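Q: Any chance you could fold what I've pasted below:
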Amino acid sequence: MDEPVAELLRRHALSLVLWALAAALVVFSLGRAAPEPEELTQISGVVQRADPIERCPRWRFCKTAIIVTIDGLPGRYHIRPPHPAFLPWFHVPHTSVRTYIRRQPTEAQSDDEPVETWGLWVNGTELVSLEDALSADAFMRRSACPVLAVIIATLGIARFFRE
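A: Predicted structure coming up:
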């Protein structure tokens, strides 16, 4: 590699990394957003089996979810209760749930992969409204990621010109 180019890359490596991170956040924010309410259909039934899982991304706190199978419905469903304290509710016999899924999946999904859900009612009690679930999903993509991308890109530009 040419010596001046190598020196330029060495001096501005952090700026390049910051720009790449900002670009990744922009791409993420342009990805599949939460569905509109009219794209969803309600499902309900008695919980046949409930398996708790934890998702622990490196940059966020752990989130507890439950993979459930519902009597009379094919497949498994990924349900996100508002708090881990609600997990025992799903192990009580004859627990009924109501939630919403996409009317038509946006991509090919394997039979073993759980279907994502929005909103949650357990035994007739609302735990998470449909509106709250959809707005929480949309917040990261539509608000937080673009703002973080601008901040990180600005830091990269400032660092580039400071060097």
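Q: surely Arg11 meets Arg162?
A: No: between Arg11 and Arg162 there is no contact under Cβ atoms under 8 Å: 10.4 Å. Just so you know, the C-beta spots here come from the backbone N, C-alpha and C atoms, and that holds for glycine as well.
Q: neighbour count winner among the two?
A: The neighbour comparison of Arg11 against Arg162 (other Cβ atoms under 10 Å) goes to Arg11, with 11 against 7.
Q: For the more buried one, list the residues it contacts.
A: For Arg11, the contact set (Cβ atoms under 8 Å, 6 or more residues apart in numbering) comprises Glu163.
Q: any idea of the pLDDT on it?
A: Note on Arg11: pLDDT of 81.
Q: next one: the one 3 residues further on
A: If you check Leu14, the pLDDT there is 86.
Q: which of the residues in the helix or strand harbouring it are buried?
A: Leu14 is part of helix 13-29 when elements are defined by DSSP states H and E. Neighbour-count burial for helix 13-29 flags 15, 18-19, 21-22, 25, 29 (criterion: 16 or more other Cβ atoms under 10 Å).
Q: Packing partners of that helix?
A: helix 145-162 (3 or more Cβ pairs under 8 Å, 6 or more residues apart in numbering; DSSP states H and E).
Q: so the helix it packs on versus helix 13-29, what angle?
A: 160 degrees (axes from the mean of the first three to the mean of the last three Cα atoms, to 10 degrees).
Q: Use 75 as the first number for this chain going forward.
A: Okay, residue one is now 75; in that scheme the one you just asked about reads as helix 219-236.
Q: Give me the packing partners of helix 219-236, helices and strands only.
A: helix 87-103.
Q: Now do the domain split for this protein, please.
A: Using automatic domain parsing, the domain parsing of the chain gives 77-105+215-236, 111-202.
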